[in-house]
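sequence and predicted structure are below.
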Amino acid sequence: TACDLWEADATRARVRVAGAGGTLDAVAWMPGHIPVCATLGSDGWVRLCDAERRAQIAAANVGDGAAGRSLAFSGDGKLLAAGFADGRVAVLRARTLELVA
């Protein structure tokens, strides 16, 4: 199955980000970069997307088989934390999704 993130108001709805297969468990918007968001799926993949262009910027499988549960950017937008069902938290560089901790 596929997931899409939609923007809707009283008069219209439009797809903003084409999602990956499986369940989309969390979405976070990058501070100061409104069209950029991160998604976390039940497949353990974190994806960084440009919602305006509906384009994937980066992707990383950091779940090691565990389903995603939560996702949050640091206040300055430089780091991204992803929480998983097995209790682990992965900290990534927000722009590259390189694993920091």
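All right, it came through fine. Residues are numbered from 1 along each chain as shown.

how confident was the prediction at Ile57?
In the predicted model, Ile57 carries a pLDDT score of 88.

gap between the residue nearest to it when sequence neighbours are not counted and Val100?
The shortest distance from Ile57 to any residue that is not its chain neighbour, by Cβ to Cβ, 6 or more residues apart in numbering, is 4.3 Å, and that residue is Leu48. All C-beta spots, glycine's among them, are computed from the backbone N, C-alpha and C. When Cβ to Cβ, to the nearest Å is applied, the distance between Leu48 and Val100 equals 15 Å.

compare the two (neighbour count), which wins?
For Leu48 against Val100, the residue with the higher neighbour count under other Cβ atoms under 10 Å is Leu48, and the figures read 21 against 12.

report all helices and strands that the helix or strand harbouring the more buried one contacts.
Assigning secondary structure by DSSP states H and E places Leu48 in strand 45-50. If contacts are counted by 3 or more Cβ pairs under 8 Å, 6 or more residues apart in numbering; DSSP states H and E, strand 45-50 sits against strand 13-21, strand 36-41, strand 55-61.

now do the last one against strand 45-50, angle only.
In other words, strand 55-61. Computed by axes from the mean of the first three to the mean of the last three Cα atoms, to 10 degrees, the angle separating strand 55-61 from strand 45-50 equals 160 degrees.

any buried residues in strand 55-61, and which?
Judged by neighbour count using 16 or more other Cβ atoms under 10 Å, the buried positions of strand 55-61 are Ala58, Ala60.

so what strands line up beside it?
Within its sheet, and counting by DSSP bridges, strand 55-61 is paired with strand 45-50 (antiparallel).
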